[in-house]
Every structure is written in structure tokens, then in C-alpha cells.
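In: Just the structure for this:
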Amino acid sequence: MASRFRNLFFHHLLHLLLLLCLPSLAAASARVPAIIVFGDSTVDAGNNNQIKTVLKSNFSPYGRDIYPHSLISCCCLPSSILYNVSLPKTHHLLKALHNLRRLPHAPMASRFRNLFFHHLLHLLLLLCLPSLAAASARVPATPLSSSATLPWTPATTTRSRRPYGRDIAGGRPTGRFCNGRLATDFISEALGLPPLVPAYLDPDYGIKDFAQGVCFASAGTGLDNATSDVLSVIPVWQEVEYFKEYRRRLGRHVGKARAMHIIREAVYIVSIGTNDFLENYYSYVTGRFREFKVEEFEDFLIDRAADFLTAIYTLGARKISFTSLGAMGCLPLERTTNVLHGGDCIEEYNKVARDFNVKLQALIHRLCSSLPGLKLRYAPVYDGLLRIIQNPSAYGE
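Out: Here you go, the predicted model:
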């Protein structure tokens with residue numbers, strides 16, 4: 001099924017959006033020095049493979065559509081999506097998402113993320129990267145961007161075994177929560193950089209590789225440290241510590257001046273937040289639901305996002321894309337468990353996502369006004385994703 005989900009529709013649409021948003025990228029090769037990724041499973045390239053967690057994707061069919069990796073998806077995360085254009089049709093994906101109860105088996109990369117959303121969220125992410133003429137790209141913190149960090153960590157949330165990675169060349173899982181590449185991988189290649197953004201904890205890569213792109217993301221993590229405790233994954237503060245370590249290593253490798261140029265000109269992709277609600281607040285395992293009303297928890301997370309963004313800004317990050325929350329009440333797991341309402345989307349969760357996104361936009365505006373030189377962009381994925389879910393036939397055959 002993984003190959004059915006990645007198809008011409010998404011690849012054509014993604015590349016169309018790329019042309020609209022990144023007109024200057026059609027000229028030369030590498031337009032930025034690197035891509036740096038922070039976040040959760042949507043962008044985790046396989047870091048979870050190296051930690052003790054159950055949240056991993058190091059088994060089939062993950063990775064079957066790409067060469068071995070550790071992405072938390074069968075094929076593509078947000079850091080990978082801009083790479084391929086020759087894939088099968090995508091209407092199968094949309095119809096399957098729309099008719100969730102009839103959905104055939106699909107790799108459960110993570111309980112809260114699924115292949116559909118990896119493609120769709122990363123697709124929409126491209127709409128918000130107008131200033132990608134940077135020097136490098138870094139990906140911060142979520143399962144959607146998790147390249148392969150987790151496979152190298154002793155955590156339970158890893159995807160370095162089948163079916164993960166089945167659609168990557170070689171068909172072996174690498175830790176990405178995807179059967180192939182992530183959206184961030186595609187973005188990297190579109191920018192003239194390597195086709196895969198390596199996980200920082202992957203022992204098969206070194207600072208020479210990381211000089212052009214690195215992923216600190218960890219599937220299952222969140223803005224709240226308590227979220228990462230649920231599945232024993234890498235907390236976002238540790239992702240920042242890895243970034244600090246990376247800066248020091250990069251300085252020793254290319255020299256201080258060049259390292260600072262890479263850090264400042266890099267493109268930073270951040271995808272994080274959904275786990276804080278679904279795996280933390282609404283799972284009732286951390287006690288946050290007793291400590292906060294949901295509106296207060298939203299404010300708490302916004303404060304944590306401000307702390308995170310200020311921290312990486314202080315370390316040199318200037319060109320940052322922060323992805324909004326999607327329609328998390330329509331995630332396959334949430335709909336599947338919503339049996340009392342026929343598998344419909346959970347509107348309460350969707351409303352929380354919308355409310356959080358409004359507060360996130362206000363935060364971004366505030367930070368852009370107060371931090372000199374910061375180019376922080378809000379990547380809206382909620383509305384576009386929901387339209388596709390509600391009217392799939394309009395986006396495919």
C-alpha cells in the first residue's frame with residue numbers, strides 16, 4: 001500500500017508549489033548551505049533508532065519505498081517530499097483517508113501519525129517557505145520530521161524495522177516513520193542538497209554529512225517535556241542541546257566563520273505540537289489535564305514554543321518555518337477510536353488545533369517584531385489538509 005500513497009498527484013503538486021514559492025531555485029544547484037530539522041515523527045529521520053523507546057519504524061514495510069533509513073513513515077517526511085516526481089497516482093490515498101473505516105492495512109509508523117498526514121502536512125509546509133534561498137537547512141523536532149534519530153536511541157518508538165522504509169531504494173527500514181523519504185528530504189534535494197537529511201544520532205553519518213543538513217527531530221516528542229516522557233523519546237530541550245553540540249563540531253570541521261555562515265543562512269524546519277495534545281493532555285497519563293484547562297495548556301505550549309524559538313535564534317537560526325497543527329481530530333487513529341460517532345473526526349480536537357494555531361501566529365508576529373533579523377514563517381496546514389480530507393475526489397481521480 002505504501003507505494004499507492006505516494007503518487008503523481010502529490011509530486012506534481014509539491015513541485016508546482018515549489019516553483020511558486022521558490023522561483024529562484026530553478027537556476028543553480030545548492031541554494032542554501034544546509035537544512036536543519038527539529039520536531040517529531042513528521043520530520044524524524046531516524047533518531048529514535050538510537051534511543052530506548054517503543055516508538056520506532058525500523059521494520060517492514062517502513063522504508064520499502066526508499067533506501068534504508070529510519071523515517072517514521074513508509075516513504076516521505078516533510079524533509080523528503082521535494083525529491084521524486086515519478087510515483088503512482090494519489091487518488092487512492094485521498095479516498096482511503098476519506099473512507100477511513102475501509103482503509104486497508106497501512107504501516108502504523110506511530111499511533112498518532114500516519115502516512116497520509118506525513119505526505120499532506122509536508123506538502124502544505126512548502127507553502128510557507130518563501131525565504132528558502134538560504135545556506136543550509138536544519139529540521140527541529142517532531143515525528144513528522146523524524147529522519148532516523150530514534151533508531152539510534154534506546155526508545156520504544158522506533159521505525160528501523162519492516163514495514164518502515166520499504167519504498168526506499170533497497171527497501172530496508174532506516175527509522176523514518178515512512179515507507180520512503182520525508183518531506184524534509186525532498187526539500188533538501190530541491191535546494192540542491194543531498195536527497196536525505198541524516199539523523200544526528202545515526203552513527204553512519206558524520207559532521208561532513210551534517211554540514212549540509214541534519215535532523216534533530218524525535219518521533220513522539222513535544223513542546224512540553226512531559227510529552228517526551230510518555231514514550232521515552234528525545235525532549236525538545238535535548239534537541240537544542242544537540243544543536244549546540246553540532247555548532248561546535250561544525251566550527252571544528254569548516255572553521256568558525258564558515259560555520260557561522262552555515263548556521264545563519266540555513267533553512268530551519270520545525271514541526272511539533274500534536275503529540276502534546278494527543279499523547280499528553282488527552283491521553284490522561286501525565287496529569288496535565290488536571291493541572292490546566294485546555295486553553296491554559298495551549299498558552300503553556302505557546303510559552304514553550306517561544307522559549308524554543310528564542311533559544312535557536314540565540315544560537316544563530318534566522319530563517320525558520322514553524323508548521324501549524326493540522327486537523328488532529330481527523331487523524332486516522334482518532335477517527336478509528338471514535339466508534340460512538342461512526343468514525344467521524346473529533347471536533348473538540350480540531351477546535352483545539354485551530355485555537356492553538358491562532359495563538360501560534362500571534363507568537364510568530366511578536367517574535368518577528370522583537371528579534372532583529374529573524375525571518376520566521378507560519379506554515380498553515382490545517383485548512384488545506386481538511387479540504388482534502390472532506391473532499392478527496394476534488395484532488396484526484
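In: now for the helix or strand containing F297, which elements pack on it?
Out: Assigning secondary structure by DSSP states H and E places F297 in helix 294-314. Contact analysis of helix 294-314 by 3 or more Cβ pairs under 8 Å, 6 or more residues apart in numbering; DSSP states H and E lists helix 236-254, strand 266-271, strand 319-323, helix 347-370 as its packing neighbours. (C-beta placed from N, C-alpha, C; glycine too.)
In: again, only this time at 7 Å
Out: Counting contacts by 3 or more Cβ pairs under 7 Å, 6 or more residues apart in numbering; DSSP states H and E, helix 294-314 is packed against helix 236-254, helix 347-370.
In: Relative to E295, which of those helices is closest?
Out: When those are compared by Cβ to Cβ, helix 347-370 sits nearest E295, at 7.1 Å.
In: what's the angle from the closest one to strand 319-323?
Out: Taking axes from the mean of the first three to the mean of the last three Cα atoms, to 10 degrees, helix 347-370 and strand 319-323 form an angle of 160 degrees between their directions.
In: How about residues contacting helix 347-370?
Out: For helix 347-370, contacts defined as Cβ atoms under 7 Å, 6 or more residues apart in numbering pick out 273, 277, 294, 298, 301-302, 305-306, 309, 322, 324-330, 334, 374, 376, 378, 382.
In: 6 Å instead?
Out: Applying Cβ atoms under 6 Å, 6 or more residues apart in numbering, the external contacts of helix 347-370 come out as 277, 294, 298, 302, 306, 309, 324-325, 327-329, 374, 376, 378, 382.
In: Mind telling me the two of those residues farthest from one another?
Out: Comparing every pair within those by Cβ to Cβ identifies G329 and L374 as the most remote, at 31.8 Å.
In: Look at those two and report which has more neighbours.
Out: With other Cβ atoms under 10 Å as the criterion, G329 and L374 differ in neighbour count, and G329 comes out ahead with 21 against 17.
In: Check the gap between T274 and Y281 for me.
Out: Spatial separation of T274 from Y281 under the definition Cβ to Cβ, to the nearest Å is 11 Å.
In: between the two, which one's more packed in?
Out: For T274 versus Y281, neighbours defined as other Cβ under 10 Å are more numerous around T274 (29 against 26).
In: The more buried one contacts M328, correct?
Out: Yes: the pair T274 and M328 qualifies as a contact (Cβ atoms under 6 Å) at a distance of 5.1 Å.
In: what's the overlap in contacts for the two?
Out: Between them, T274 and M328 share no neighbouring residue, with contact defined by Cβ under 6 Å, 6+ apart.
In: Is there a neighbour count for the nearest residue to P235 once chain neighbours are set aside? I'd like the number.
Out: Take P235 and drop its neighbours on the chain: the residue closest to it by Cβ to Cβ, 6 or more residues apart in numbering is S228, 3.9 Å away. As a burial measure, S228 scores 28 neighbours (other Cβ under 10 Å).
In: so S228, which of the three states?
Out: Each residue gets one of three states, and S228 gets helix by DSSP: H, G, I helix; E, B strand; the rest coil.
In: What does the pLDDT read for it?
Out: S228 is assigned a pLDDT of 95 by the prediction.
In: can you tell me how far E245 sits from S228?
Out: Between E245 and S228 the computed distance is 18 Å (Cβ to Cβ).
In: what comes into contact with the helix holding F297?
Out: Applying Cβ under 6 Å, 6+ apart, the set of residues contacting helix 294-314 is 223, 236, 240, 276, 281, 352, 355-356, 359, 363, 367, 371, 374.
In: Check whether K375 really touches K319, as I assumed.
Out: Yes: under the criterion of Cβ under 6 Å, K375 is in contact with K319, at a separation of 4.9 Å.
In: Would you mind telling me which of the two has more residues around it?
Out: It is K319, of K375 and K319, that has more neighbours when counted by other Cβ under 10 Å, with 27 against 16.
In: Report the beta-bridge partners for the more buried one.
Out: Beta-bridge partners recorded for K319 (DSSP bridges): V267, K375.
In: measure it to V381 for me?
Out: Relative to V381, K319 is positioned 19 Å away (criterion: Cβ to Cβ).
In: quick revisit: tell me the one of the contacts of helix 347-370 nearest G206?
Out: L309 (28.1 Å).
In: So that closest one versus L363, what's the distance?
Out: For L309, the distance to L363 equals 8 Å [Cβ to Cβ].
In: between these two, who's got more neighbours?
Out: Neighbour count, other Cβ under 10 Å: between L309 and L363, L309 has more, with 23 against 18.
In: per-residue confidence for that one?
Out: For L309, the pLDDT comes out at 98.
In: Is G220 in contact with V230, as I believe?
Out: No: when contacts are counted by Cβ under 6 Å, G220 is not listed as touching V230 (7.0 Å).
In: neighbour count winner among those two?
Out: Looking at G220 and V230 with other Cβ under 10 Å, you find the greater number of neighbours at G220, namely 36 against 20.
In: Am I right that that one sits in a helix?
Out: No: residue state for G220 (three-state DSSP) corresponds to coil; a helix is not indicated.
In: what about it, distance to N357?
Out: As it turns out, when the distance is counted by Cβ to Cβ, G220 lies 21 Å from N357.
In: Same check on S228?
Out: Remark: distance between S228 and N357 (Cβ to Cβ) = 22 Å.
In: again, but for I389
Out: Using Cβ to Cβ, we find I389 at a distance of 16 Å from N357.
In: Equivalent analysis for D185, please.
Out: Distance, D185 to N357, using Cβ to Cβ: 25 Å.
In: try R377
Out: Here R377 is placed at a distance of 14 Å from N357 (Cβ to Cβ).
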